[in-house]
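1. below is the sequence, then the predicted model.
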Amino acid sequence: MSDMTADTAAVELPRARTDWLPLLLVPALGLLALPFVGSPSTWVTLTVAGLAMGMMIFLMASGLTLVFGLMDIINFGHGVFISLGAYATLLVLGPLAGWATADSLGLNLALLLLCILVAMAVTGVVGAVFERVIVRPVYGSHLKQILVTMGGLIVAEQLIHAIWGASPIPIPLPQSLRGAFVVGDIVMERYRVVAVAIGLLVFVGMQLLLNRTRLGLLIRAGVENPEMVEALGYRIRRLFVSVFIAGSALAGLGGVMWAFYRQTLTAGMGMEVMVLVFIVIIIGGLGSVGGCFVGSILVALVANYVGFIEPKLALISNILVMALVLIWRPQGLFPVARR
Amino acid sequence: MSTSPALALPFDETRRRGGFWNAILSSDRPRSKVLSAILLAILLLLAATPFLFSGSQPLSTAAKICVFVVLVASYDLLLGYSGIVSFAHTMFFGIGGYGIAIALERLGPTWGSAAVGLAAALGLSAVLAVAIGLLSLRVRAIFFSMITLAVASAAAVLASQLSDVTGGEDGLSFQLPPALRPAFRLLSEPLFGTPVNGRLIAYYLVFSVSLVVFLVLLRIVNSPFGRVLQAIRENEFRAEALGYRVVAYRTAASVISALAATVAGALMALWLRYNGPDTTLSFSIMIDILLMVVIGGMGTMYGAVVGAALFVLAQSYLQVLMAAGSAALAGLPILPNLIHPDRWLLWLGALFVISVYAFPGGIVGRLRQAGQ
């Protein structure tokens, strides 16, 4: 044992090797789909649309996988934060309705940003309560976690009904985010471009936070070995709670994007998309943010390509992708070491 | 260690003394006077519903309770006895319903086609349960929950999209075999003032099949096989170390549970003369099942009876009560919204969360504790 430490002290620390294979899947999939789709312009349209869809799924799924990775908590009530984030836009859209109809890109984007901030604040606060009341008593027992978070989901969904009413609420997209850019034969919906930008921003932000900051270091260490982090004098509990809050806020952010995409609010919208979210985090490897990113794009691209080539198959394409990935790597694309 | 005489003797003793009831209930008695009384009351009320109440609403409620007792008991085999959370239970429920509906619609309203439909549904359910089990049960229990959720939602989408076969969102209405139609008369004279028609026969078909399947499930969980499932639930690693093949046992449990759910689905379709996504496949039914099993009592089987009866009654009659309460509180902010009749699920959801924390044994566990 002492030899080992002497050795590693002498030479430079081994760098973590990047697992390129799963990353190559995405461009490989795109190239594979090209001949089946036929025209390159359609292919670009489909790909951009798929990327945007993937980004939105990633926004909604990233919080869940982060929470699972760090706390070993599977939150089946995650969907309710998506719904809640979506409904929180009403708090902004109500008083600032003028900003949405104004024909100014600046005002419209500011409105979107404000919606996102409010939604993240609301879901963050509710997340803190949810963690305290629902989740904390059942650390360590997956069975109870699933049951209790399901129960939390039922109650919270009903509360949304009680507060905002049970009928679907239409929300219009801000004026200048409607329509599409047309470059030659390529059609890109403006909102999807915005979604890609926000998704990428969040992904890069999360990667920087996780890999380049002290907080990220602690989080990653907590995933690997929580007892050791605690033994070194850090309050792992506080870290856990803040990650849970961050995860909920990310779900709220995803909820806003998803709400403007669907342009309708229903209390069940979060739970509906949770199926995709679960597929994505299973494909990516439970707990892996990078895997979640690759998984989201993979699932969305496959859904888009298959929907274009063979619409009937699109319904079960997600399941097929998941089954294939699990046969190849039973723990997902990027297995997280500890579990 | 596992077969110490001290443990084995009293067990045989009770079995010998108990006679009839132990033979019926597989020596797993309610073990609480209050619980016995409740179960007996539910059984007698269900058996006598056609003669006690008039009109179709009570009879439909009773039939629904019977079907859900089977559905929830089969789910309890998974959740309570094996410690697996599946979200695909409604898929098997739906397969049973669609099996009967498609067969009776396509092959004509005969008993033969009902049998064909049920057999095909059971076969499909078994194959799917094995496939899902082998794909996901070997990795981690938590995968199973998520994968079953994904598969079940894919099945629901599939059922609503393949409208040529399943009738899509509208579902399928179909004719029953002649003996089950309301126009059929078994006796020309009413019995105790109730006409003995096809509807009555259909009800007793649902009732007796449900009773038999429930008793079979009770037998299974009290068999050596059921004990192994409980051992795996308590400590998977130790069970494996003792030489039990955990994946095989869990897969077998999920197959048995799926088959029972399929039978329940077939009964539901037979009773409603209709099957569609909303009656058997929707995710809200899955949530209902979860509520029933947890509130009734996980891992007790009798919890399924109590939970299903309570839940279905609440679904039909709690709303009336809440409407009264909501009207009384009109004028106050938000409060009337909280006890609006449509928010009944809110309160059952809260009860569910409290049950998981405070009484993991649900109502049945609570009654048994109080009895001791």
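-> Thanks, I have it.

2. can we go C-alpha only for contacts and neighbour counts from here?
-> Fine.

3. what's the helix or strand for the residue in the stretch 51-200 of chain B that chain A sits nearest to?
-> Of all residues in the stretch 51-200 of chain B, B:A150 sits closest to chain A, at 5.3 Å by Cα to the nearest Cα. For B:A150, the element it lies in under DSSP states H and E is helix B:141-161.

4. what do you get for B:F214?
-> helix B:198-221.

5. give me the buried positions along that helix.
-> For helix B:198-221, burial by neighbour count (16 or more other Cα atoms under 10 Å in any protein chain shown) applies to B:198-207, B:209-211, B:213-221.

6. other SSEs contacting the helix holding B:A150?
-> Counting contacts by 3 or more Cα pairs under 8 Å, 6 or more residues apart in numbering or on different chains; DSSP states H and E, helix B:141-161 packs against helix A:269-284, helix A:311-328, helix B:89-107, helix B:111-136.

7. could you redo the last one with a cut-off of 10 Å?
-> Contacts defined by 3 or more Cα pairs under 10 Å, 6 or more residues apart in numbering or on different chains; DSSP states H and E place helix B:141-161 against helix A:142-164, helix A:269-284, helix A:311-328, helix B:89-107, helix B:111-136, helix B:163-166, helix B:283-296.

8. just the buried positions in the second one, please.
-> When burial is assessed from 16+ other Cα under 10 Å, helix A:269-284 yields the following buried residues: A:269-271, A:273-284.

9. and the angle for it with helix A:311-328?
-> Interaxial angle of helix A:269-284 relative to helix A:311-328 (axes from the mean of the first three to the mean of the last three Cα atoms, to 10 degrees): 40 degrees.

10. swap in the fifth one?
-> Counting by the same axes, to 10 degrees, helix B:111-136 points 40 degrees away from the direction of helix A:311-328.

11. any part of helix B:111-136 near chain A?
-> Yes - shown here: helix B:111-136 in contact with chain A (Cα under 10 Å from any Cα of the partner chain) through B:135-136.

12. now do the buried residues in that helix.
-> In helix B:111-136, counting by 16+ other Cα under 10 Å, buried: B:113-114, B:116-122, B:124-126, B:128-130, B:132-136.

13. and after the host helix or strand of A:A33, which helix or strand comes next?
-> Here A:A33 sits within helix A:20-37, counting by DSSP H and E. Using DSSP H and E, the helix or strand that follows helix A:20-37 in sequence is helix A:40-71.

14. avg pLDDT for the helix holding A:A33?
-> What helix A:20-37 shows for mean pLDDT is 80.

15. which elements pack onto it?
-> Using 3+ Cα pairs under 10 Å, 6+ apart as the contact criterion, the elements in contact with helix A:20-37 are helix A:40-71, helix A:289-309.

16. can you put those in TSV and add distance to A:F240, mean neighbour count and mean pLDDT?
-> Shown next, in TSV, are the helices and strands packed on helix A:20-37 (distance: least, Cα to Cα, whole Å; neighbours: other Cα atoms under 10 Å in any protein chain shown; pLDDT from 0 to 100):
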stretch	distance to A:F240	mean neighbour count	mean pLDDT
helix A:40-71	6	25	87
helix A:289-309	16	24	89
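
17. tabulate the ones you listed in JSON lines, adding columns for distance to chain B.
-> What follows is the helices and strands packed on helix A:20-37, written out as JSON lines (distance: least, Cα to the nearest Cα, whole Å):
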{"stretch": "helix A:40-71", "distance to chain B": "11"}
{"stretch": "helix A:289-309", "distance to chain B": "13"}
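
18. reformat those as JSON lines; add distance to B:C66.
-> JSON lines is the format used below for the helices and strands packed on helix A:20-37 (distance: least, Cα to Cα, whole Å):
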{"stretch": "helix A:40-71", "distance to B:C66": "38"}
{"stretch": "helix A:289-309", "distance to B:C66": "41"}
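
19. one step back: keep only the buried residues of helix A:269-284 that also lie close to chain B.
-> Applying Cα under 10 Å from any Cα to the buried residues of helix A:269-284, those adjacent to chain B are A:271, A:274-279, A:281-282.

20. show me the two of those that sit farthest apart.
-> A:M271 and A:I282 (16.7 Å; Cα to Cα).

21. which residues touch A:M322?
-> A:279-284, A:295, A:299, A:328, A:330, A:332, B:147, B:150 (Cα atoms under 10 Å, 6 or more residues apart in numbering or on different chains).

22. can we see that at 8 Å?
-> Counting by Cα atoms under 8 Å, 6 or more residues apart in numbering or on different chains, A:M322 makes contact with A:279, A:282-283.
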